[in-house]
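**Student:** Generate coordinates for the sequence data below:
(one chain, ligands or ions: 2)
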Amino acid sequence: MKRYIGKGVYGAIAIGKVYIFKRNDVGVKCIHIEDIEKEKARIEAAKAASISQLQEIYEKALKEVGEAEAQIFEIHTMLLEDEDYNESITTIIEEQKVNAEYAVSLTESNFAQMFAAMDDAYMQARAADIKDISSRIIRNLQGENVQVHCSDEKMIICADDLAPSETVSLDKDKVLAFITAHGSSNSHTAILARNMNIPAIIGVGEAFLNEIQEQQEVIVDGFTGEIIVNPDEPTRTTFIKKQQEDEQKKQLLQELKGKENTTLDGTKINIYANIGSVEDVESVLLNDAGGIGLFRSEFLYLENEDYPTEAQQFEAYKRVIEGMAGKKVIIRTLDIGADKQVDYFELKKEENPALGYRAIRICLTRPEIFKTQLRALYRASVYGNLGIMFPMITSVVELERILEICNQVKVELESEGISYAKNIEIGIMIETPAAAIISDRLAPMVDFFSVGTNDLTQYTLACDRQNPDIESFCDPHHEAILRLIEMSAKNAHQHGAWIGICGELAADTSLTETFLRMGIDELSVSPAFVLTVRHAVRKLDLRKKK
Ligand code: PEP
Ligand code: MG
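**Tutor:** Ligands and ions are numbered 1, 2, ... in the order given. Here you go, the predicted structure:
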């Protein structure tokens, strides 16, 4: 029996035999050619084959993992058709008089290096996509099969790494789990594994791959990232029990769909979901959330190369609001700055970006950006049940200024004959200690508060949330945080406002009872945690003394 440890990316247990996935990586040779046109025609044919394969993979992904994750294969198709990428391949063939495979391989390494060197994590991840599409073209040039094949028995796939297209090509009925030597938990491969509900461990290291043998028995614990090769009988029995318990728990959670978020004594709470893109609506509905408690609208800005227009924003907000069919959708205005940098904003480098020019501070000093977003929001409001909330509030004056700008936008829309809903709820995030402390002054001015515990913890405990070295000092259960939440809840209710929590703490079920006792009206969590929190709520009885 031998143990290895990696990063678990989907929490589930699998026990089974190993299948080692090896690509037929016949190294690419550099061959001098005379017939340039022939090489260019070979490239065109390989590209056409790759595009049709990607279309098939996209359809499969759409069925198995949903639109949001399937999109990566549309991106792959776009990359395949990218002008710069193709120009590079053709130029190498023409100028160096080399074979198509070599031209693709050289282009791949140039582009992958360029992406990997970028500061932005999203762009860095594109390096893997370039490798994926390039190896697809090369395999098509070589007449290789690009799919991952396993035997008929259900197996645990072990590989050095899996490209997103390889992951989604896996036949789910034949895969018990997968383990990769490399990879990061934010890679598309990891995200796909999570959405395909396949127990998976990544980044287990080279040694594992060198030592593991075909057909060996392996236990994969996707919760802890533990891998046990050739388990002894007591270990096997322990994990079979853990697996059964987990499956029962997941089954029970599914049964909670459609049920109320009500405690045994009849106290009700709303459980909403946090999203970061239009496509996430699907998982909100799938997990039966009562609404969207936080839509981080900055994704529209992060994805774009220039300020998103009113029309672009309107379309995105409309799709989310319509998708939720009358359920509450709370959209937070732009929260750029600090860890979320966008080049075209041309923000200055700051000594303390988390304490700097971010979120509402940008909106209030650059009202043209703010007004464009507000116009799009107000216009989209007629399609459902919208709430708008503002991040990083610290003072009454800021809120007065925000409400004034909202009124200006409404007057403008009215004068243009454009309609907007009259029942839009207006709220603010309580994510600075200042906002919590003056919540008695802020509450009469709004319909709701939403506590951002991620930033509230950072600012209250003076702990940079980006710095892993001080994580142990950054305790969101700190009495100071809980007192600020309780104080905000009391003040909200006294002035007729409701209060929710949308930071990560909302999903911490060890605090569900505390939040309910404080009178919190709504918890907004990642879609995957909605049913877990519902389960915690339904077990509670607030009549019992704590
Ligand atoms: C928070 O600060 O808790 C929050 C929800 O906002 P974000 O994580 O986007 O800063
Ligand atoms: Mg925040």
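
**Student:** near ligand 1, which residues of the stretch 301-450 of the chain show up?
**Tutor:** D335, E431 (Cβ under 6 Å from any ligand atom). Every residue, glycine included, has its C-beta placed from N, CA and C.

**Student:** which residue ends up closest to the midpoint of the chain in space?
**Tutor:** Geometric centre of the chain, nearest residue: G276, 6.9 Å, by Cα atoms, centre = their mean.

**Student:** Sketch out the low-pLDDT regions of the stretch 351-500 of the chain for me.
**Tutor:** 468 (pLDDT under 70).

**Student:** which residues in it form helices?
**Tutor:** If DSSP state H, counting those that start in this stretch is used as the criterion, the helices of the stretch 351-500 of the chain fall at 360-365, 367-380, 396-415, 433-437, 439-442, 453-460, 479-494.

**Student:** For the second one, name the packing helices and strands.
**Tutor:** Translated: helix 367-380. helix 310-323, helix 360-365, strand 385-390, helix 396-415 (3 or more Cβ pairs under 8 Å, 6 or more residues apart in numbering; DSSP states H and E).

**Student:** With the third one instead?
**Tutor:** Helix 396-415 sits against helix 360-365, helix 367-380, strand 385-390, strand 425-430, helix 439-442, with contacts defined as 3+ Cβ pairs under 8 Å, 6+ apart.

**Student:** The first one and ligand 2, are they touching?
**Tutor:** Translated: helix 360-365. No. Judged by Cβ under 5 Å from the ion, helix 360-365 and ligand 2 are separated, with a smallest distance of 11.0 Å.

**Student:** how distant is the longest helix along the chain from the center of its chain?
**Tutor:** Scanning the chain for the helix with the most residues, using DSSP state H, yields helix 36-65. Between the centre of helix 36-65 and the centre of its chain there are 27 Å (Cα atoms, centre = their mean, to the nearest Å).

**Student:** do the same with stretch 236-253
**Tutor:** 27 Å.

**Student:** pLDDT averaged over that stretch - what is it?
**Tutor:** For stretch 236-253, mean pLDDT rounds to 92.

**Student:** hmm, back to that, which helix or strand lies directly C-terminal to the longest helix of the chain?
**Tutor:** For helix 36-65, the following helix or strand on the C-terminal side (DSSP states H and E) is helix 67-80.

**Student:** now that next one, how far from the chain's geometric center?
**Tutor:** 16 Å.

**Student:** Run through who's touching the helix or strand just after it.
**Tutor:** Downstream of helix 67-80, the next assigned helix or strand under DSSP H and E is helix 83-96. Helix 83-96 is contacted by residues 33, 36, 39-40, 43, 79, 98-100, 102-104, 106-107, 110-111, 130 when judged by Cβ atoms under 8 Å, 6 or more residues apart in numbering.

**Student:** Any of those buried? List them.
**Tutor:** Neighbour counting with 16 or more other Cβ atoms under 10 Å marks 33, 39-40, 43, 79, 98-100, 102-104, 106-107, 111, 130 as buried within the contacts of helix 83-96.

**Student:** What is the most widely separated pair among these?
**Tutor:** Among the buried ones among the contacts of helix 83-96, the pair separated by the greatest distance (Cβ to Cβ) is I33 and L79, at 25.1 Å.

**Student:** Flag every residue of the protein that's near ligand 2.
**Tutor:** Going by Cβ under 5 Å from the ion, the residues of the chain near ligand 2 are E431, G452, D455.

**Student:** Just send these back as CSV, with distance to R332 too.
**Tutor:** CSV is the format used below for the residues of the chain next to ligand 2 (distance: Cβ to Cβ, whole Å):
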residue, distance to R332
E431, 11
G452, 9
D455, 12
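
**Student:** any idea which of those is the one closest to V168?
**Tutor:** G452 (34.3 Å).

**Student:** Give the residue spans of the stretch 151-300 of the chain that score low on pLDDT.
**Tutor:** 151-152, 184-188, 191, 195.

**Student:** dump the residue contacts of the closest residue to ligand 2 within the stretch 251-400 of the chain.
**Tutor:** Using Cβ to the ion, the closest approach of the stretch 251-400 of the chain to ligand 2 is made by P391 at 5.9 Å. Counting by Cβ under 8 Å, 6+ apart, P391 touches R332, T333, L334, D335, A359, I360, M429, E431, G452.

**Student:** again with I133
**Tutor:** S50, H76, L79, L80.

**Student:** okay if I get these as CSV plus pLDDT?
**Tutor:** Output for the contacts of I133, formatted as CSV (pLDDT from 0 to 100):
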residue, pLDDT
S50, 92
H76, 89
L79, 90
L80, 90
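
**Student:** thinking again about what came up before, got the phi and psi for the residue nearest to the centre of the chain?
**Tutor:** In terms of degrees, to the nearest 10, the main-chain angles of G276 are phi -130, psi 0.

**Student:** Longest strand in the chain, by number of residues?
**Tutor:** strand 13-20 (DSSP state E).

**Student:** so of the contacts of helix 83-96, which ones are in helices?
**Tutor:** In helices, defined here by DSSP H, the members of those are 36, 39-40, 43, 79, 100, 102-104, 106-107, 110-111, 130.
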